[in-house]
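Trainee: pasting a predicted model and its sequence here:
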Amino acid sequence: MRYAALSDPGRVRENNEDSYHADGRLFIVADGMGGHRGGEVASAMAIESFLAFERGNKGLPPLRRLRDGIATANQAVLKKAGGSPELEGMGTTFTAVLVEGGVYLGHVGDSRAYICREGALRLMTRDHSLVERMVREGFLTPREARLHPQRNVILRALGIAKGLEVDLDEVEVRPGDRLLLCSDGLSGCVEDAEIEAVLSAVADLEGCCRALVEAANARGGPDNITVVLVELGEEVEGVGGRHAAAKGGRRGILSRWRA
Ligand code: MN
């Protein structure tokens with residue numbers, strides 16, 4: 001296995017509220033939201049909390065570990081938000097891939113996981129967003145969704161309520177498959193066809209991550225951009241490590257999930 005990851009604030013925002021984790025076994029993208037420093041706190045602490053749970057519960061089956069770990073991270077975000085007026089209302093998406101014998105997926109929010117096999121890209125997650133629902137029900141085309149004024153409204157995230165439904169999946173994979181986790185800073189402005197073209201054309205994983213970030217920035221980079229790329233194979237020799245959201249403050253994205 002090889003992997004690489006890259007996070008970029010984009011061209012418009014001063015802070016980066018996305019966080020990611022990549023360690024050769026667990027791969028996570030979390031896109032935080034909330035006033036003040038809420039977004040970066042939420043995404044970073046959700047990953048911390050999940051990893052602590054995961055380390056302490058290795059005996060659980062993979063999908064149950066994903067589900068319970070994400071539920072634990074949700075409680076941690078809620079508790080932290082409840083203890084601080086400045087952090088009230090913060091939340092985060094959470095998309096995680098666990099490679100452990102098979103490949104397991106846990107997902108909440110509008111970050112995404114794709115699989116690319118022999119040059120063909122397929123979306124493995126469903127966005128928990130208002131526009132996804134409207135497209136699914138036939139009220140919008142995918143192109144209209146991309147430009148819709150409420151495209152940032154998400155219907156499920158960590159930090160909203162104690163009860164949390166987590167999408168879980170075991171993914172059928174083959175050696176050579178590439179898995180891409182990304183925040184909506186990529187998928188919201190770069191079309192799937194272009195993501196597919198980059199994943200197919202660029203062999204080097206770090207170069208591939210840079211090309212994806214550059215593609216989003218070439219379209220204005222309106223949001224933080226995070227990509228985690230995994231190429232499945234026989235051995236682990238990755239680059240990536242971790243990125244906690246940059247420190248700093250920014251207001252005004254509470255409407256991310258409130259219309
Ligand atoms: Mn985002």
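Mentor: Ah, there it is.
Trainee: quickly check: stretch 154-173 near the ion or not.
Mentor: No: against the ion, stretch 154-173 shows no contacts by CB under 5 Å from the ion, the least distance being 9.5 Å. (C-beta placed from N, C-alpha, C; glycine too.)
Trainee: could you dump that stretch to CSV, C-alpha only?
Mentor: The C-alpha trace of stretch 154-173 is given here as CSV (Å, rounded to 0.1, in the frame of the first residue of the first chain):
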residue,chain,number,x,y,z
ILE,A,154,-25.8,19.4,5.3
LEU,A,155,-28.3,17.1,6.9
ARG,A,156,-26.0,15.0,9.0
ALA,A,157,-22.8,15.9,10.9
LEU,A,158,-21.1,15.2,14.2
GLY,A,159,-22.0,17.8,16.8
ILE,A,160,-25.6,18.3,16.0
ALA,A,161,-27.5,15.7,18.1
LYS,A,162,-26.7,12.8,20.4
GLY,A,163,-28.4,10.3,18.1
LEU,A,164,-26.3,9.9,14.9
GLU,A,165,-26.8,7.6,12.0
VAL,A,166,-23.5,6.5,10.4
ASP,A,167,-23.3,5.1,6.9
LEU,A,168,-21.2,1.9,7.0
ASP,A,169,-20.0,-0.2,4.2
GLU,A,170,-17.5,-3.0,3.4
VAL,A,171,-15.8,-2.1,0.1
GLU,A,172,-14.8,-4.8,-2.4
VAL,A,173,-11.3,-3.9,-3.6
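Trainee: which positions within that stretch qualify as buried?
Mentor: Neighbour-count burial for stretch 154-173, counted by 16 or more other CB atoms under 10 Å, picks out Ile154, Arg156, Ala157, Leu158, Gly159, Ile160, Leu164, Val166, Asp167, Asp169, Val173.
Trainee: show me where the stretch 1-150 of the chain has its strands.
Mentor: In the stretch 1-150 of the chain, the strands defined using DSSP state E, counting those that start in this stretch lie at 2-8, 18-22, 26-33, 91-92, 94-100, 102-108, 112-117, 120-123.
Trainee: check the stretch 151-259 of the chain too.
Mentor: Counting by DSSP E, counting those that start in this stretch, one finds strands in the stretch 151-259 of the chain at the ranges 167-171, 178-182, 225-231, 241-243.
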